[in-house]
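Chemist: Give me the fold of what follows.
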Amino acid sequence: MPLATANPMLAPVIIRSPTWLTMPAPLLDGARRALLHACALAAGLVCAAAAADSGTALPAQRSAFLEAERGLRAGADVDLDALRRVLGDYPLLPYLQAEALLNRLDVTADAEVTEFIERHRGSAPGERVRRKWLALLSREKRWQAYVDSYLDNGSETRACRYRRALLETGRTDAAFEGLAVVYLTGGSLPDDCDPVFSAWASAGGLDAATVWQRVDLALAAGNAGVAAYQRRYLPAGQRTWLDRTLAVYRNPETLTDADAALPADPARRAEALTHALERLARRAPREAARIFSTLATREPWPPASRNRVNAAIGGRLARAGERDALFFLAAIEPLADQTPLQRERLRAALHLRARDWLPGWIEVLPAKERGKGEWQYWRARAAAETGDLKTAAHAFAEAAGERSLWGFRAAELLGRAPALGDRPAPAQDSRVAQFIDSETVSRIRELGRLGRGADISREWRAMTSGLSQADLIAAAVAASSLGLHSEAIFTLADAGFWDDLSLRFPLAHRPLVSAAASENRLPQAWLYAVIRQESAFDADVASHAGATGLMQLMPATAREVAARVGRPAPTTLDLIDPRLNIALGSHYLSAMAARFDGHPVVATAAYNAGPGAVARWLPDAPMPADLWIAAIPYPETRDYVRRVLGYWVIYAERLGAQRPRVGALLRPVQPRRPRQAATGER
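Modeler: Model prediction:
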């Protein structure tokens, strides 16, 4: 019989379930907390809109929605027709319809499912049902239905299942079209791709040359298992070549003893030697150099392969401070398709302070790379140190036109203002209004009131997928006006428009940032720059490692900081609260500054990589900070520091604050203190 409900709005709704499940107290607490977090996250979107609830049916509709949602998730059978009459135009009704549909997906008529998917195409509920529907069709091998309901969402699994469906329905050419783009990766691919690749190989489309490309990509990425798996696709006569390649790759120290067993084909022999020596150079560069010198006299090394070995040996020796690295780095030929090797050669030269080599190596870069502000800055620095002030001034002027840390420093040295290049996004007002008035945004507003940040992100991604550049720009402007700062940042990036600084560098949570900066004696612009780089203002974001929230705090670090300031130990869920996250993150940044003598460059590096690692990187003698940044061994941290310092300058302008002197930020990094060198403790 129908169950009674505490909500009078649900009186006409028939819920057939043996037991009515109310929300447990912990879930109520979590819901309240999520709503508080959402209010803090997007005050313009959530809290201001709450005032509009007064005098409308929305609060009662919301209550009815939540009660029905709990019932559906508990397995209750809800009368959707009655529910529609109760909820009327409530924007989240499709979420309930999707939940009900998914509860009985395996017994629902195809037409009902596909009609819902098409009616709600481009919405989070519609795409959720599509995802589950496609998974069901794949399990049941209903391939024509899979083709009919398919929509590309960037998933490799879904794409391979679609190609499998094309194969099974006789559309072989379509199944194999562009398949090499999917296949050629150094990483592992889903198991669902294997039947497609096998069919492709059987049909003669997957030739040996393409398989060897995949092998090389896998070994370059350190994935020997992926490389070994490709053996099944090689002609029988070439499988032993792969076996021998893998043998020396796994045991490169035996290379000179085993070279007689290498592939007979010259190209494959050179690749086998190159992969093995690159791997050996990572742990024993001098042994790799010895073997390389022995083999180089009798092996026909292609220039690109020789470059890779020289770069591997030279780069590793340079990291250890060995100046004979320059012998190997100087042997690299400037090939246009090996620009990354040339970049690494320049970074190695900076690490060794080999200024005499920099100008020539910069000059042979491809024109587009050579013109970048970073390399013009270093060209100017090298010229200035040798007294060539005319070349230095010209190169600094080239660098100063770029919106980056190196461009800002070059401009400062020339007595110029930083080249911010700020200009509004060229969005059509009518198109912005269409986005704001859309059903998607109506759902997003209500999801914001419920504190459902993940669903907001899903709705936004679904709405903006496949849009033109003009529409992406308009959508970014709409997102910003709604307080969806993270969505605005990434949508503008998808559009390839980089010049609207108000959209790219928002001043969200300003009272929280101001209070935290004041309490911890930090510049607001620095704190904003860290938040922008860490999370792009997505309060709910969590990294694979577990870092959470606006300032991407690791749970252990957050607990340590909380104990230090007398706060209760936070849970991971607590860390999505902007107020708490900014309070703890700013205290940790201040602690890093105090630990490393107030040096903003070193403190910023420590915030990203940890103080223990940074203590090991401190020099033995005072070192210019720009060179210290260039020598940071973690590429992620090197880029992180460069971005945060550049964002600091931009945020100072956005805040109307005094512009920081970049030269002061880049003051020399001091040597490690004995305690830091001995313990590296936090």
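
Chemist: Contact partners for the closest residue to residue 657 other than its chain neighbours?
Modeler: Once flanking residues are discounted, residue 657 sits nearest to residue 525: 5.9 Å by CB to CB, 6 or more residues apart in numbering. C-beta coordinates here come from the backbone N, C-alpha and C atoms, glycine included. Residue 525 is in contact with 648-649, 651-652, 654-655, 657, 660, counting by CB atoms under 8 Å, 6 or more residues apart in numbering.

Chemist: of all the residues you listed, which comes closest to residue 606?
Modeler: Here the nearest of the contacts of residue 525 to residue 606, counting by CB to CB, is residue 648; it sits at 15.8 Å.

Chemist: returning to that earlier point: which SSE is the residue nearest to residue 657 in?
Modeler: helix 524-535 (DSSP states H and E).

Chemist: which element follows that helix toward the C-terminus?
Modeler: Assigned by DSSP H and E, the successor of helix 524-535 is helix 555-564.

Chemist: who's in contact with that following helix?
Modeler: By CB under 8 Å, 6+ apart, helix 555-564 touches 546, 548, 553, 568-572, 575, 584, 587-588, 591, 682.

Chemist: What of stretch 222-229?
Modeler: Residues from elsewhere that reach stretch 222-229 (CB under 8 Å, 6+ apart): 186-188, 214-215, 218-219, 242, 245-246, 249-250, 279.

Chemist: What about residue 383, how many residues nearby?
Modeler: 21 (other CB atoms under 10 Å).

Chemist: What residues does it make contact with?
Modeler: 359, 389, 391-392, 395.

Chemist: List just the nearest of these to residue 468.
Modeler: residue 395 (38.5 Å).

Chemist: Distance of the closest one relative to residue 359?
Modeler: 9 Å (CB to CB, to the nearest Å).

Chemist: Quick check: closest non-adjacent residue to residue 665.
Modeler: residue 600 (5.2 Å).

Chemist: Helices along the stretch 101-250 of the chain, start to end?
Modeler: 110-119, 124-139, 143-149, 156-168, 172-176, 179-183, 194-202, 208-220, 224-229, 236-250 (DSSP state H, counting those that start in this stretch).

Chemist: could these be laid out in CSV, adding mean neighbour count?
Modeler: Output for the helices of the stretch 101-250 of the chain, formatted as CSV (neighbours: other CB atoms under 10 Å):
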stretch, mean neighbour count
helix 110-119, 15
helix 124-139, 20
helix 143-149, 18
helix 156-168, 21
helix 172-176, 16
helix 179-183, 16
helix 194-202, 18
helix 208-220, 19
helix 224-229, 17
helix 236-250, 17
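
Chemist: sorry, back to before: I figured the residue nearest to residue 665 hits residue 593, correct?
Modeler: Yes. Residue 600 lies in contact with residue 593 (CB atoms under 8 Å); the separation is 7.0 Å.

Chemist: Looking at those two, which is more packed in?
Modeler: Neighbour comparison, residue 600 and residue 593: the larger count goes to residue 600, with 25 against 21 (by other CB under 10 Å).

Chemist: circling back: now tabulate the helices of the stretch 101-250 of the chain in CSV and tack on mean pLDDT and distance to residue 85.
Modeler: Shown next, in CSV, are these (pLDDT from 0 to 100; distance: least, CB to CB, whole Å):
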stretch, mean pLDDT, distance to residue 85
helix 110-119, 97, 19
helix 124-139, 97, 19
helix 143-149, 98, 30
helix 156-168, 97, 36
helix 172-176, 97, 45
helix 179-183, 97, 48
helix 194-202, 97, 47
helix 208-220, 97, 57
helix 224-229, 98, 56
helix 236-250, 94, 66
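
Chemist: could I get those as TSV with distance to residue 421?
Modeler: Listed next are these as TSV, based on distance: least, CB to CB, whole Å:
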stretch	distance to residue 421
helix 110-119	43
helix 124-139	36
helix 143-149	45
helix 156-168	37
helix 172-176	44
helix 179-183	34
helix 194-202	46
helix 208-220	37
helix 224-229	43
helix 236-250	47
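
Chemist: Which among those helices is found nearest to residue 493?
Modeler: helix 124-139 (21.2 Å).

Chemist: residue nearest the centroid of this structure?
Modeler: residue 543 (9.1 Å; CA atoms, centre = their mean).

Chemist: The contacts of helix 555-564, buried ones only, as a ChimeraX selection?
Modeler: Buried subset of those, written as a ChimeraX selection, criterion 16 or more other CB atoms under 10 Å:
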select :548,553,570,575,584,587,588,591
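
Chemist: ok so, going back, mind picking the two most distant members of the contacts of residue 525?
Modeler: Using CB to CB, the two most remote members of the contacts of residue 525 are 654 and 660, lying 12.9 Å apart.

Chemist: Wait, residue 488 touches residue 474, no?
Modeler: No. Residue 488 is beyond contact range of residue 474, at 11.2 Å (criterion: CB under 8 Å).

Chemist: Going by residue numbers, what spans are helices in the stretch 501-650 of the chain?
Modeler: For the stretch 501-650 of the chain, the helices defined by DSSP H, counting those that start in this stretch occupy 501-504, 510-520, 524-535, 555-564, 578-595, 600-609, 611-617, 625-630, 635-655.

Chemist: gap between the second one and the chain center?
Modeler: To tie it back to what came earlier, the one meant is helix 510-520. Taking CA atoms, centre = their mean, to the nearest Å, one finds helix 510-520 lying 27 Å from the centre of the chain it belongs to.

Chemist: which outside residues touch it?
Modeler: Here helix 510-520 makes contact (CB under 8 Å, 6+ apart) with 40, 522-524, 526-528, 531, 578-579, 582-583, 585-587, 589-590.

Chemist: Going by neighbour count, list what's buried in it.
Modeler: By 16+ other CB under 10 Å, the buried positions in helix 510-520 come out as 512-513, 516-517, 520.

Chemist: Go through those residues and name the one nearest residue 265.
Modeler: Using CB to CB, residue 513 comes nearest to residue 265 of the buried residues of helix 510-520, at 61.0 Å.
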